[in-house]
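Enquirer: got a sequence here, can you model it:
(chains A and B)
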Amino acid sequence: MSPEAVTPAEAAAAHARPLDQLLRGPELAEAARIMTICNACRYCEGLCAVFPAMEMRRDFAAGDLRHLANLCHACGACYHDCQYAPPHEFGVNVPKTLEALRPRAYADHAWPRALAPMFDRNGPKIIALTAISVAVFLFAFMAFADPGVMFGVVEGPGAFYAIMPHNVMAGLFGAAFLWAILAFLMGFRNYWRDVEGGLGPRLGRGPDLAALAAGGHDAGRLKNLHGGGMGCFNEDDQPTDSRRLLHHLTFYGFLACLASTTCATAMHYFLGWEAPYSWGSAPVLLGFFGGSAMTVGAVGLARARMKREGALTDPAGGMHAAFTHSLAAVGATGIALLLLRSTPAMGTLLALHLGVVFAFFVAAPYGKFVHGLYRYLALVRHAQETRTHH
Amino acid sequence: MSMDLFGRDWDVLVAGGGNAALCAAITARRAGARVLVVEAAPKFYRGGNTRHTRNMRVAHDHPNEVLTGPYPEDEFWEDLLRVTGGNTDEQLARFTLAQSKELWDYMSSLGVRFQPSLTGSLSLGRTNAFFLGGGKSLMNALYRTAEAEGVAVVYDAEVTAVEIEGAAFRAAEVTHDGQARRVPARAFVAAAGGFEANIEWLEEYWGPAARNFRIRGTPYNRGSLLRTLLDAGAQQVGEPDQCHAVAIDARAPQFDGGIATRLDCIVFGMVVNREAERFYDEGEDFWPKRYAIWGRLVAAQPEQEAYAIIDSRSIELFMPSIFPAIEAGSIEEMAGKLDLPPDRLRATWEAFNAAVRPGDFDPATLDGCRTEGLTPEKTNWARTIEQPPFHAYPLRPGITFTYLGVKVDREARVQRASGGAYDNIYAAGEIMAGNVLGKGYLAGIGMTIGSVFGRLAGQGASSHVA
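Expert: Sure thing, here's the model as predicted:
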């Protein structure tokens, strides 16, 4: 055991302690410096939720800054609108500063704490995990499945399960999924307590229904990726709506894929219908359109990222690229499996798809996947703070 | 590439790159003119004082999605008359206010977006339309519109001379990349602002004290075109020794500190100069009604510096400041940190505290909490300064704009000192704002004047299209 490793009891004790509110590290110090300037200016308050949330604070503890970092959707409008942006000597760059802080904030809120270092150099770690997962699936299929099934043509109900028994598949993925859910919930708790321990409005309770709904409304429409109505910025000073559109494709595509899997699980257990399903069935339609949208959206977002103006991005870590590429891989392997399921490639593609999906869910609490969850929670918190404050 | 632009055939040459300049350029372009804009600043600093503005005062008879109530022309006029003390051209002013009614639609057509008044400026919610994202956002929108519609823009390009034959503009000398080029055009729009960043010019009126001033806008507002036009025979308007100055944090950079360097704490404490003496009633009226006199007050103090001192009870009563307060546990410690004579600061402080009469302190009203027996008295929000830690903010005058300008008529045509107007020279924005606002300050009226006269100048200039 390394000296940093903690026992579960120690980890639990650590979580009973509120998070450190001191401005440790360059990311927090810079965020505090910039928010102090912004709070004396306030010209951007109509652009998104970050600035009204900032105005509910006079000074900034670490929890406040982590909250603001999660509220920022990186639309870039405040950078272009800022009279104090570089080369001005105040050097105000809100999107880049908050982007640099976000991985630190994710790590600070991560559960279990021992896995927080996953957010350092996140890209290579996610890629390695995905590669290992795919390799294990391939190896296990070749070791345990009948080669005639793995590399032959298998059709009809239960074809997939001839390679990997359904109970094993459901058990494995169910466990990965539940693990992710547990980690998310613990992360949410850490987040809420952290912001509660800052210098903003104290709510004294968890999220309420009205705030959950308001946050969902803003998150679902990406209201804050819109520069207050003009659009968001990426490669230059022309606002467009392309990243918002691509994100909608990705997100709603992902939800359709989740719905597809849920639907298939329900059909399996309640109706006794076994996969693969026909082209006209709900799981296939949802999976096909959802997977296509997600792949197109994720590839588009990855490309937009590569073209993004250097001034707006914090290049460290590769977290963004790992996530968009994982999403694209999940979608693309799923579509490939669907298209080629009646060919000898089915077994290999099944291993590939399942390996990618498994890694995706296991790694979800420790990569950029969490941006959506914390951002949603930040919007919920913001809605509730706004109500309490006024 | 820019060099080639100078050699083309232009109908309208616009000097300046702020709100007035771009309104003129786009309006002329929409009327069919070929328009070149030369902006003396580099791209990032384009727009002069516009980049630090946040709203525009507009007359309107009905509330809309942003403006909370009607603001009739007559009320606007009364406000203007009050702040200028009559130092305005009534005909031109009333015409400007009438035109301001169209600005909401006009600016929207140029791509500008509005939002409700910012937190902390609710008193302006009825009268002033706030720009979503502030003045630089407005500037960005105007440049996007201008360039999309075919207006040519060159940065780092300053008009250094004008060629005038009788009453007719023929060409301007534009200096760019260290090279002077002759740029002929059929009409000329002068929209290059005031001279607030020209310290030497300010020194002519203020003496060496001007070197201690902070300039709230960019270093490019040097007024060289204003000088050029006045020297060429344009009629002057406004007092050359007048400028709009507020008290800002002395730690602000010499140029371009903008809004973020303001301090709103003066009404809650006492303000002393370098001799540790008070010099003006800190609680005369609400801060938004008084902040514009404090620049001048501080400018009159030794070394153009003063210090606002408050106690721990007041530290959250005003807009947060960009620079941290100077903190001290005792008045002697504060004197040490501010480098003020400790005995005199203690004496001033004790006299102030002893003179405070009891009352119900209320920042939201003129609460009448006052001192008795001081010179000068503090007449509102006077509370003893006794609960440490004490907080202090150093103050300097922050110059926002100057009033000196060229005289124009209601078609925005520049008037000649010898009588009559130039045929084809127009002016808009701060370079002519003194026609309407000869003195004093009314939030957002600079942008109103800029847009009204920018539009008129664009219309007039486009009438000279070949």
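
Enquirer: pLDDT score for the residue nearest to residue A:319 when sequence neighbours are not counted?
Expert: Closest residue to residue A:319 apart from its sequence neighbours, by C-beta to C-beta, 6 or more residues apart in numbering or on different chains: residue A:122 at 4.0 Å. Bear in mind the C-beta positions are built from the backbone N, C-alpha and C, glycine included. With respect to pLDDT, residue A:122 scores 93.

Enquirer: what does the stretch 51-200 of chain B put close to chain A?
Expert: Contact residues, the stretch 51-200 of chain B versus chain A (C-beta under 8 Å from any C-beta of the partner chain): B:51-52, B:54, B:113, B:115-116, B:118-120, B:130, B:132-137, B:140-141, B:144.

Enquirer: part of a strand, is residue B:391?
Expert: Yes: applying DSSP: H, G, I helix; E, B strand; the rest coil, one finds residue B:391 inside a strand.

Enquirer: list the contacts for the closest residue to chain A within the stretch 101-250 of chain B?
Expert: With C-beta to the nearest C-beta as the measure, residue B:134 is the residue of the stretch 101-250 of chain B nearest to chain A, at 3.0 Å. With C-beta atoms under 8 Å, 6 or more residues apart in numbering or on different chains as the criterion, the residues that contact residue B:134 are A:41, A:43, A:44, A:81, A:83, B:53, B:54.

Enquirer: tally of neighbours for the last one?
Expert: The burial count assigned to residue B:54 is 26, neighbours taken as other C-beta atoms under 10 Å in any protein chain shown.

Enquirer: now the third one
Expert: By the other C-beta under 10 Å criterion, the neighbourhood of residue A:44 contains 27 residues.

Enquirer: that one is in contact with residue A:82, isn't it?
Expert: Yes: using C-beta atoms under 8 Å, residue A:44 is in contact with residue A:82, at 7.2 Å.

Enquirer: shared neighbours, these two?
Expert: Between them, residue A:44 and residue A:82 share these contacting residues under C-beta under 8 Å, 6+ apart: residue A:94.

Enquirer: I'd like the mean pLDDT over the host helix or strand of residue B:24, please.
Expert: Using DSSP states H and E, residue B:24 sits in helix B:19-30. Regarding helix B:19-30, the rounded mean pLDDT is 98.

Enquirer: SS state for the nearest residue to residue A:238 once chain neighbours are set aside?
Expert: In this structure, residue A:238 finds its nearest non-sequential neighbour in residue B:144, 7.0 Å apart by C-beta to C-beta, 6+ apart. At residue B:144, secondary structure determined by three-state DSSP is helix.

Enquirer: list the contacts for residue B:144?
Expert: Taking C-beta under 8 Å, 6+ apart, we find residue B:144 in contact with A:237, A:238, B:111.

Enquirer: now swap in residue A:236 and tell me
Expert: Counting by C-beta under 8 Å, 6+ apart, residue A:236 makes contact with residue A:309.

Enquirer: hmm, try it at 10 Å
Expert: Neighbouring residues of residue A:236 by C-beta atoms under 10 Å, 6 or more residues apart in numbering or on different chains: A:80, A:307, A:308, A:309.

Enquirer: domain parsing for the chain?
Expert: In the absence of a named chain, chain A is used. Following automatic domain parsing, chain A resolves into domains at A:8-109, A:118-389.

Enquirer: let's do chain B instead
Expert: Split by automatic domain parsing, chain B gives B:2-240+B:403-462, B:246-398.

Enquirer: deepest-packed of those, please.
Expert: Counting by mean count of other C-beta atoms under 10 Å in any protein chain shown, domain B:2-240+B:403-462 has the highest mean neighbour count of those, with a mean of 21.

Enquirer: work out the gap between that one and the centre of the chain.
Expert: 12 Å (C-alpha atoms, centre = their mean, to the nearest Å).

Enquirer: what do you get for stretch A:145-153?
Expert: From the chain centre to the centre of stretch A:145-153 is a distance of 36 Å (C-alpha atoms, centre = their mean).

Enquirer: secondary structure class of residue B:219, three-state.
Expert: Using three-state DSSP, the secondary structure recorded for residue B:219 is coil.

Enquirer: burial count for residue A:340?
Expert: Quick note: residue A:340 (other C-beta under 10 Å) scores 13 neighbours.

Enquirer: what do you get for the one 3 residues further on?
Expert: Summarising burial for residue A:343: neighbours were counted as other C-beta under 10 Å, giving 12.

Enquirer: as TSV, the domains of chain A with distance to residue B:262 would be great.
Expert: Formatted as TSV, the domains of chain A follow (distance: least, C-beta to C-beta, whole Å):
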stretch	distance to residue B:262
domain A:8-109	7
domain A:118-389	22
